[in-house]
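> Kindly return the folded structure for what I paste below:
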Amino acid sequence: MALRPVTRRSVADQVFDQVLDDVLDGELAVGEPLPSERRLAEVLGISRPAVREALQRIAQTGLVEVRHGGATTVRDFRRAAGLDLLPRLLVRSGRLDAAVARSVLEARAEVGPGIAALAAERGGPGLAADLDRVVTDLEAAQDAVRWQELALDYWDLLVDGADSLVFRLMFNSLRAAYEPVLPALSAVLAAEVGQVEPYRLLAAAIRSGDAATARAAATRVLAPTAEALLAALDAVGDAAENDR
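Numbers count the residues shown, from 1 in each chain. Presented below is the predicted three-dimensional model:
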């Protein structure tokens, strides 16, 4: 585990990022103990209470297990962690992880139509009116980043209409992961700007309580973005292979 002195950003964030990188890169294996608090404090140049606080934060994500009086060991985050870890996984060291991004898109494609169907059953005319207002803003949007922000607002309303706590928490995590990379993806998503009709159709299905049409319309809403981003991710993967 190659530790680096902590500077500038919060101690907890920097320790978290170092441990996460070492776990994902295979520097730290599942079950392997981290250095002691004293050793971490010495190498990182911070106090032991700061190390302890950082490790407790890391443990809350399921990345490590802190045993009182014993060693702090690496856990298999794929089995122990929750969606709150997703934003950290999506962008590491300032770079988008293509594999994680693909997973986000796959989850979005599977979950989104179900959310729309529930919203049609439970949301009613009030939800449709709110969606209509976002559609009006979408019609006026000329910028790809602004378009995607409004699209997220549209889905935020749908999730509220679905009235499902699990879907709400899932959406919160997916949005937290997706929003920071919107500026970088704006060029890829530019062609979607102005494609309002699927959003309008989905709002109409919500208004009429038609779950089947809402499900189909949600697929139409999600498909253009998914196709563009998957193509971009494939291009990134091909470029990476060529660089090897």
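> what about stretch 56-76, how long is it end to end?
One end of stretch 56-76 sits 17 Å from the other (CA to CA, to the nearest Å).
> for stretch 21-34, same thing?
Start and end residues of stretch 21-34 are separated by 13 Å (CA to CA).
> Please apply the same query to stretch 60-67.
13 Å.
> For stretch 47-56, list every residue counted as buried.
By 16 or more other CB atoms under 10 Å, the buried positions in stretch 47-56 come out as 50-51, 53-55. For every residue, glycine as well, the C-beta is placed using N, CA and C.
> ok, so of the residues you listed, who is nearest residue 155?
Closest to residue 155 out of those is residue 54 (33.5 Å), distances taken as CB to CB.
> which strands and helices sit next to the helix ranked longest in the chain?
Taking DSSP state H as the criterion, the chain has its longest helix at helix 211-243. When contacts are defined as 3 or more CB pairs under 8 Å, 6 or more residues apart in numbering; DSSP states H and E, helix 211-243 packs onto helix 98-122, helix 144-162, helix 182-189, helix 197-208.
> Taking their axis directions, it and helix 197-208 sit at what angle?
Counting by axes from the mean of the first three to the mean of the last three CA atoms, to 10 degrees, helix 211-243 points 150 degrees away from the direction of helix 197-208.
> in helix 211-243, what counts as buried?
Residues of helix 211-243 classed as buried: 211, 213-219, 221-222, 225-226, 228-230, 232-233 (neighbour count, 16+ other CB under 10 Å).
> cool, stretch 165-179 as well?
167, 170-171, 173-174, 177-178.
> could those residues be laid out in TSV, adding distance to residue 78, secondary structure and pLDDT?
Formatted as TSV, the buried residues of stretch 165-179 follow (distance: CB to CB, whole Å; DSSP: H, G, I helix; E, B strand; the rest coil; pLDDT from 0 to 100):
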residue	distance to residue 78	secondary structure	pLDDT
167	22	helix	94
170	17	helix	89
171	21	helix	91
173	15	helix	87
174	18	helix	84
177	16	helix	82
178	21	helix	82
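> For residue 149, state which of the residues you listed is nearest.
Out of those, the member with the shortest distance to residue 149 (by CB to CB) is residue 178, at 10.4 Å.
> Which other helices and strands does the helix or strand residue 136 falls within contact?
Using DSSP states H and E, residue 136 sits in helix 124-140. Other elements packing on helix 124-140 under the criterion 3+ CB pairs under 8 Å, 6+ apart are helix 144-162, helix 197-208.
> now that helix: mean pLDDT?
Within the predicted structure, the mean pLDDT of helix 124-140 is 95.
> Equivalent analysis for stretch 100-117, please.
Here the average pLDDT along stretch 100-117 is 90.
> For it, buried residues please.
100-102, 104-105, 108-109, 111-117.
> I'd like those as CSV, with distance to residue 65 appended.
Below are these laid out as CSV (distance: CB to CB, whole Å):
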residue, distance to residue 65
100, 23
101, 28
102, 29
104, 27
105, 31
108, 31
109, 34
111, 30
112, 34
113, 37
114, 34
115, 34
116, 39
117, 39
